[in-house]
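Asker: Have a look at this fold, sequence not included:
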């Protein structure tokens, strides 16, 4: 019996120290995964392609995100990221109450557009009460009003071969020695043509506030918040986003986040 | 005739599929827990309902209060890095779900599920006796799982695994649009997030008990059975 106890104790100690060494060593090795060029990270990131293929392939592509009731709006929409842009061209439009603002639509389209807020508001509008899911983990329900992106794209006439819609934003989200980095995002045409994908100019019954992206922000209801670019300056229809930013399709994507944020 | 002979006390206890998926789960759970705590740290508050209360209070747990909730040694990667945490988490979520399906298929075909894991009448009868044996820390090496083993493996296989996968899926906005009832039956997206967190700690509790039992029952025999499949029974089994 005494022999057995010692063996057990020794086994416990050995296992404990073994696990400890593994954990310590493991942490150092695994911290290398933070490097965007780490081959193991690149391999693991391919799970995002699988996730997107599974969601697009197995589920209804046209499924609408859950819509809520007015009573579910219990608080102001929580803003995130840049909430008060100080960029000169933005401030110029802000001071003119966005009378001078024009949304430029260009790239692989038959008819490039330049649309004032008034022109956008004159188009058929859509209102939806949806839940905004942030990549950080929180959710917030608000009502969004705007023009379906599909209406604008149909007016511009998307050319064959185009794959993505790129959103150029006013706001500088990062300042570095080599200059400022402006927010940008891309979505594919499946999400761009989805009926709930809107260019919102209204929120909770009033004009879109500055912290939430005035004068115009994107709503892509089946993806996470970082896909929904705020302070949209221009829309560009492209067949590839490799030449923009660091080539991963968005400001946060360039910093390691997944391009497909439906999960 | 030769019931006491040495060779009769060796049995092939685990199939190859069970052994491979067991270690796939062990590996996945290590990475999922570390990366999960990294993801949790990005917003270390849990709520009940569809949304997170900022203008009202529906929180059930708030950790960290501005500082890091879980320390560096508990998260993957150790630094603050939500993007990498998510990449690790979703990769191993696929490994876990894939190996769960593989195991279920194998366990159904081999009869492992029906014969070894589903409790029988006898298990109810032997339950008290099994508790007494465990309290004395004298763990027998039997041909079949005892009632407490069936209970704890059943808890993990039929409650914790389905719960952690379902609550994980319920947090995905893509799944949410196509399958809205999933988050609804779980009490809303933020409740699902809370349950996901609870299930993760359920796994951690199981892991601690599981490893303790392996060590008490004799780590060599137990590990051998989960690596090579061969298990050495007590005399008279």
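Answerer: That came through, no problem. Here the structure is a predicted model, which means the values were calculated and not measured. Residues are numbered from 1 along each chain as shown, chains lettered A, B, ... in the order given.

Asker: what's near enough to touch the residue nearest in space to the middle of chain A?
Answerer: Geometric centre of chain A, nearest residue: residue A:227, 1.2 Å, by C-alpha atoms, centre = their mean. Residues near residue A:227 by C-beta atoms under 8 Å, 6 or more residues apart in numbering or on different chains: A:185, A:187, A:218, A:220, A:250, A:261. (Glycine included, C-beta is placed from N, CA and C.)

Asker: Nearest residue to the fourth one in space, please, no chain neighbours.
Answerer: It refers to residue A:220. Closest residue to residue A:220 apart from its sequence neighbours, by C-beta to C-beta, 6 or more residues apart in numbering or on different chains: residue A:227 at 4.9 Å.

Asker: Next, the buried residues of stretch A:77-93.
Answerer: Residues of stretch A:77-93 classed as buried: A:77, A:78, A:80, A:81, A:82, A:85, A:87, A:90, A:93 (neighbour count, 16 or more other C-beta atoms under 10 Å in any protein chain shown).

Asker: and that stretch with chain B, contact?
Answerer: Yes - judged by C-beta under 8 Å from any C-beta of the partner chain, stretch A:77-93 comes into contact with chain B through residue A:78.

Asker: so what's the closest residue to residue A:82 other than its chain neighbours up against?
Answerer: Spatial nearest neighbour of residue A:82, chain neighbours left out: residue A:171 (4.2 Å); criterion: C-beta to C-beta, 6+ apart. Counting by C-beta under 8 Å, 6+ apart, residue A:171 makes contact with A:81, A:82, A:85, A:87, A:90, A:182, A:183, A:230, A:231.

Asker: pretty sure the second one is touching residue A:183, no?
Answerer: Read that as residue A:82. Yes - at 6.8 Å, residue A:82 and residue A:183 qualify as touching, with contact defined as C-beta atoms under 8 Å.

Asker: Which pLDDT value goes with residue 19?
Answerer: Answering for chain A, as no chain was given. As summarised for this prediction, residue A:19 has a pLDDT of 55.

Asker: I was thinking of chain B, sorry if that wasn't clear
Answerer: At residue B:19, pLDDT is 96.

Asker: who touches the one residue in the stretch 1-150 of chain A that gets nearest to chain B in this structure?
Answerer: Proximity of the stretch 1-150 of chain A to chain B (C-beta to the nearest C-beta) peaks at residue A:75, 2.9 Å away. Neighbour list for residue A:75: A:140, B:51, B:53, B:54, B:55, B:56 [criterion: C-beta under 8 Å, 6+ apart].

Asker: residue contacts, the last one?
Answerer: I take that to be residue B:56. A:74, A:75.

Asker: now swap in the third one and tell me
Answerer: With contacts taken as C-beta under 8 Å, 6+ apart, residue B:53 has the following neighbours: A:74, A:75, B:47, B:59.

Asker: isn't there a helix covering it?
Answerer: No - looking at residue B:53 with DSSP: H, G, I helix; E, B strand; the rest coil, it is coil, so not inside a helix.

Asker: quick one, phi/psi of it?
Answerer: Taking degrees, to the nearest 10, you get phi -80, psi 120 for the backbone angles of residue B:53.

Asker: Repeat that for residue A:133.
Answerer: Backbone phi and psi, for residue A:133 under degrees, to the nearest 10, turn out to be phi -110, psi 120.

Asker: Next one, pLDDT for it please.
Answerer: Note for residue A:133: predicted pLDDT of 98.

Asker: Likewise for the one 10 residues further on?
Answerer: Per-residue confidence for residue A:143 comes out at a pLDDT of 98.

Asker: Just the buried ones from the contacts of residue B:53?
Answerer: Neighbour-count burial (16+ other C-beta under 10 Å) applied to the contacts of residue B:53 gives A:74, B:47.

Asker: Going along the chain, name the helices of the stretch 101-250 of chain A.
Answerer: Along the stretch 101-250 of chain A, counting by DSSP state H, counting those that start in this stretch, helices occupy A:117-122, A:149-156, A:189-192.

Asker: so what's the closest residue to residue A:236 other than its chain neighbours bridging to?
Answerer: Nearest residue to residue A:236, sequence neighbours excluded (C-beta to C-beta, 6+ apart): residue A:107, at 3.9 Å. Beta-bridge partners recorded for residue A:107 (DSSP bridges): residue A:237.

Asker: Contacts only, for residue A:107.
Answerer: Per C-beta under 8 Å, 6+ apart, neighbours of residue A:107: A:162, A:166, A:235, A:236, A:237, A:238.

Asker: Sort out which one of the residues you listed lies nearest residue B:124 for me.
Answerer: residue A:166 (63.9 Å; C-beta to C-beta).

Asker: I figured residue B:170 was touching residue B:190, is that so?
Answerer: No - contact criterion C-beta under 8 Å: residue B:170 and residue B:190 do not qualify, at 10.1 Å.

Asker: Have a look at these two and say which one is more surrounded.
Answerer: residue B:190 (28 against 25; other C-beta atoms under 10 Å in any protein chain shown).

Asker: where's that one relative to residue A:246, distance?
Answerer: Taking C-beta to C-beta, to the nearest Å as the measure, residue B:190 falls 33 Å from residue A:246.

Asker: Residue A:90 now?
Answerer: Counting by C-beta to C-beta - residue A:90 and residue A:246 are separated by 23 Å.

Asker: And residue B:60, by the same measure?
Answerer: 39 Å.
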